[in-house]
Structure formats: structure tokens, C-alpha cells
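Novice: coordinates only, sequence not included:
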């Protein structure tokens, strides 16, 4: 940090698998697993904050975007309003014949109405003259896609409520035949609540994202080329370990799914927190190929997480989860239900 209005931010990540010689977890502990996650300049001139470089960003609670990117973010910061404008260079490749870069442009103003309500309309525009060079959009040539959404957050003492809605539209020319195009017509809706009752709370949420209607020629599945990330249950939705989702679930890429959750978080002591959650999920549209063709049930999942504060800034999480898998989940040759047991030690300072 140079001063309060100018700083250079770097974020690093180091991954080690204990006993693995491909990282720095084996005997000798030599390794090259050192990643630069963020590196950007952050400066404020008047009421306008600027961030330029590789940074993190979030739109629509992660239903639309929650990831790192290279680009520019300009934001006017007022007393009760924030007006951020973001450009993301999603993909770029050197091609002397035709540019094959993909760009995201996002606007996400936030207005606080009193002390209890926050209103956040947002939009994102995805554009490319030739999107075929990028794996997520390789079937398209010229592409123009947009997302329009709204976040609402209400905090009324012990009761909190939130909601998100997103519509996806636009069109793209097909790479195989540029005289033909595909229209995007999809949507996502989500809502949640929490009630604080002293040493415990009651919370729940629901989300629905459209899938591909087999009788519709348009692309009706809600999807984002890259950057979408919303964590939910431990097994079907990646949870806190971010390892892998059950085969058949979209994981943190919310599309072609509906899911509902009800749970409670109990805090019997100042240091101990117990979270109990139940999830039910199914696909919005049935599986169209493979062994699970014609199925849509993902299953019912139970999650238990114990969080204990060892000392200030150091927490230990113990997690257990079990999925009573539906027929849309691939369960392996032994047809076993998935389960998960794990621990995480986290430090903040």
C-alpha cells in the first residue's frame, strides 16, 4: 500500500498433496506449485475507484459470475449508491486472419433504500466476432449474448430475505454454417431467507434454472460460457472443499436444475457452531443420453458441519455429508450412494 488511495494487490495460492512428488508435499519438499491468483492496481480519485489488472469479481451472487479475471473495473462510490462498470477479457488468441477474442461487459449498480433494503439491478453483455477459438463457445462464430438481472436483500432485524432473478437472451451464428443462428432464451430464479432465534437460526433457499427444452429450437438452458460459480450442498454443489460434484449434478454451474434447502445453524458456545442442512434437487429437464437417459432425480442430501474456533483467526471445520442419490446420478458399478467426510483448517489475519 502506497497510501489510502493507492495500493498494489497480489494474491497467491500454493497447493500441496502430502506425499505427492508432483507438488511440494513429498520428502524434500521441493516444488513449483505457486500460483498468482490476483495482481492489480487499486486507486481512488475523488469518488471513483479503479482496479486494473487480474482481479476477482462477482455478479448475481455467483449465479452469473464469481471468479478471477483480467480487465478493468471503474466504480463510483456514493453514500448510498455504488455504480461499478466492469470489462473482462474472457479470452484472447493471436490470429492474423480474424480476431477470436471474447469480452464480458458488466454493470451492477447497488442502491441502499434505508437501513433494511438493498436493490441491485445488474447486466452482463458477452460479445465476440468469432467465438470458435474458445472451448466453451467453440460451436459459435459471431456471438452477442446478454444477461439482465436483479438482486434484492432485505434485513428486518431477526428476519432476512433475499431474491435473485436473471434472464438470458441474445443470439449467435453457428460456426458450421454462419447463415444459421441460435437464439438464447433462458432464465434463473432464486430466493432465500433466514430467521435468527438467539442461539440458533432457521434458514432456507430455493433456486431454479431452465434446461434445454427438447421441443424448442432455441437454446433454453441457462448457462454462462465461463466464470459462473455458486456453491450450495457439500456433495451435489461442491460445498466448502471445492473438490468435485456428484456425477450428474451441475455442481456450482447452476443450469438445468431446481433445488431446495432447509437448515439450521446452532451456536451453543462462543467458539462452537453446528450447521445442519437438508437438500433436495432434480434436473429441470431429463437426461437425454447415456445410462441415465430419461431420468431427472438428483436426490436428497444431508449435511453436517461443525466449526470450532481454536484461537482468534484459526478455525477448524469438520464436515460430513450423505447423498441418497436419485436415478439421474451415476453411482458407479456398485450402485452405492455417495458420502463425504472431511476437515478444513482455515486461518485469517
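Specialist: All right, it came through fine. This one's a predicted model, so the numbers in the text were calculated from it and none came from an experiment. Residues are numbered from 1 along each chain as shown.

Novice: So residue 301 lies in a helix, does it not?
Specialist: No. With the criterion set as DSSP: H, G, I helix; E, B strand; the rest coil, the secondary structure at residue 301 is strand rather than a helix.

Novice: so where's the stretch 201-349 of the chain shaky on pLDDT?
Specialist: In the predicted model of the stretch 201-349 of the chain, residues 290-291 satisfy pLDDT under 70.

Novice: Grab the most central residue of this protein for me.
Specialist: residue 229 (1.4 Å; C-alpha atoms, centre = their mean).

Novice: quick one, what contacts it?
Specialist: Counting by C-beta atoms under 8 Å, 6 or more residues apart in numbering, residue 229 touches 62, 65, 66, 67, 252, 253. (C-beta placed from N, C-alpha, C; glycine too.)

Novice: Could you look up the SS state of the third one?
Specialist: Under three-state DSSP, residue 66 falls in the strand class.

Novice: Run a quick neighbour tally on residue 269.
Specialist: Close neighbours of residue 269, defined as other C-beta atoms under 10 Å, add up to 9.

Novice: and it, how far is that from residue 19?
Specialist: Shown here: residue 269 relative to residue 19, a distance of 36 Å by C-beta to C-beta, to the nearest Å.

Novice: before we move on, what about residue 140?
Specialist: From residue 140 over to residue 19 the distance is 44 Å, taken as C-beta to C-beta.

Novice: So between those two, which is more surrounded?
Specialist: residue 140 (25 against 9).

Novice: Tell me the secondary structure at the nearest residue to the more buried one once chain neighbours are set aside.
Specialist: Excluding its sequence neighbours, the residue lying closest to residue 140 (C-beta to C-beta, 6 or more residues apart in numbering) is residue 172, at 4.0 Å. With three-state DSSP as the basis, residue 172 sits in strand.

Novice: In contact with residue 172: list those residues for me.
Specialist: Residues touching residue 172, when contacts are defined by C-beta under 8 Å, 6+ apart, comprise 131, 137, 140, 141, 142, 143, 144, 145, 181, 182, 184.

Novice: The last one is in contact with residue 217, isn't it?
Specialist: No. With contact taken as C-beta atoms under 8 Å, residue 184 and residue 217 are classed as non-touching, separated by 11.9 Å.

Novice: Those two: which is more packed in?
Specialist: When residue 184 and residue 217 are compared for neighbours, residue 184 comes out ahead with 22 against 8, by other C-beta under 10 Å.

Novice: List the contacts of that one.
Specialist: Residue 184 makes contact with 145, 168, 169, 170, 171, 172, 218, 219 under the criterion C-beta under 8 Å, 6+ apart.

Novice: From residue 193, how far out is it?
Specialist: As judged by C-beta to C-beta, residue 184 and residue 193 stand 31 Å apart.

Novice: Phi, psi for the residue nearest to the centre of the chain please.
Specialist: Main-chain dihedrals, residue 229, degrees, to the nearest 10: phi -160, psi 110.

Novice: Over to residue 61?
Specialist: Note on residue 61: backbone dihedrals following degrees, to the nearest 10 are phi 60, psi 10.

Novice: Just confirm it contacts residue 163, I think it does.
Specialist: No. Applying C-beta under 8 Å as the test, residue 61 and residue 163 come out as separate, 10.0 Å apart.

Novice: still on that earlier bit, show the pLDDT at the residue nearest to residue 140.
Specialist: According to the prediction, residue 172 has pLDDT 96.
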